[in-house]
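Q: Return a 3D structure for these sequence lines:
(one chain, ligands or ions: 1)
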Amino acid sequence: MTHISDQPAVRLRGLSAGYARHTVLHDVTADFPRAEVTAVVGPNGSGKSTLLGVLAGVISPAAGAVEISTRRPAFVVQHSAVPAGLPITVWETVAMGRWAHRGPWRRLSTKDKELIGAALERMGVSDLAARRLSSLSGGQRQRALLAQAFAQESDLLLLDEPDAGLDAQSRLDIAAAISHARTNGVTVIHVTHDLDEASRADNCLLLQDGRLTAEGDPHAVLQRR
Ligand SMILES: Nc1ncnc2c1ncn2[C@@H]1O[C@H](COP(=O)(O)OP(=O)(O)OP(=O)(O)O)[C@@H](O)[C@H]1O
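A: The predicted model follows:
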């Protein structure tokens, strides 16, 4: 008998997708193994963020099939994608991760608040909880966005270059948080230009001009670049 845990968390079959009058992804067929980290690499403009947008449900496929057999994905955008003047605190940012779980009266429960506190702690931003998101450095903001994703308790984490432009310590902390999530059974799809980080993934996909040109063991895939 095949158990769900043996099946890929995400399957793409002949996926084409993009924007009005502009198809970016062409006929992509790939599996994303459950509870493993898949790095998605490729040159600028190859379609990596578009792929994450499809997986997050923000972009509709033009053709093909997307099968996701996990709970609702948590999507972490690049910190630079957050509008500069957004008037919310770090705590409120992380609390947004619990919105979909709120009970009657739409109040946060004690459990919600515990999860928010734990996510802030995990990303080392508890002491910044009362600060405006817009007043933080890029690295601090990225940590807050990751904390929001962890507060969602999703089992599919979509990361769009979470370590871009960050210092060595922040990159290490983010790598540790990804590894912790994986150990806890979360499937991670990690778009990155950091080839050291990609080489540490379990699985790797290479996109070039919107087509999948290699997949599998990261070391073998990265040699095809
Ligand atoms: N909102 C949009 N509307 C129209 N075209 C877009 C939009 N976003 C991206 N594109 C185009 O889609 C193509 C793929 O972009 P995408 O952001 O997916 O690439 P990427 O591999 O993530 O690049 P990078 O490494 O620079 O982040 C590019 O040609 C880009 O110009």
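Q: what does the protein put close to the ligand?
A: 19, 22, 24, 42, 44, 45, 46, 47, 48, 49, 50 (CB under 6 Å from any ligand atom). C-betas here are computed from N, CA, C, even on glycine.
Q: tell me the least confident of the residues you listed?
A: Model confidence across these bottoms out at residue 22, which has 92.
Q: Pull the number of nearby residues for residue 71.
A: 12 (other CB atoms under 10 Å).
Q: you'd agree it is up against residue 157?
A: No - between residue 71 and residue 157 there is no contact under CB atoms under 8 Å: 11.0 Å.
Q: one step back: which ones among the residues of the chain next to the ligand are found in helices?
A: If you go by DSSP state H, those have 48, 49, 50 in helices.
Q: Where neighbours are concerned, which of those has the most?
A: Going by other CB under 10 Å, residue 48 tops these with 25 neighbours.
Q: and of the ones in helices among the residues of the chain next to the ligand, the nearest to residue 89?
A: residue 49 (27.0 Å; CB to CB).
Q: what about the strands in the protein?
A: 10-19, 22-32, 37-41, 63-68, 74-76, 156-160, 187-191, 203-208, 211-216 (DSSP state E).
Q: Dump those strands to JSON lines, plus mean neighbour count.
A: What follows is those, written out as JSON lines (neighbours: other CB atoms under 10 Å):
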{"stretch": "strand 10-19", "mean neighbour count": "18"}
{"stretch": "strand 22-32", "mean neighbour count": "18"}
{"stretch": "strand 37-41", "mean neighbour count": "26"}
{"stretch": "strand 63-68", "mean neighbour count": "15"}
{"stretch": "strand 74-76", "mean neighbour count": "23"}
{"stretch": "strand 156-160", "mean neighbour count": "24"}
{"stretch": "strand 187-191", "mean neighbour count": "25"}
{"stretch": "strand 203-208", "mean neighbour count": "23"}
{"stretch": "strand 211-216", "mean neighbour count": "17"}
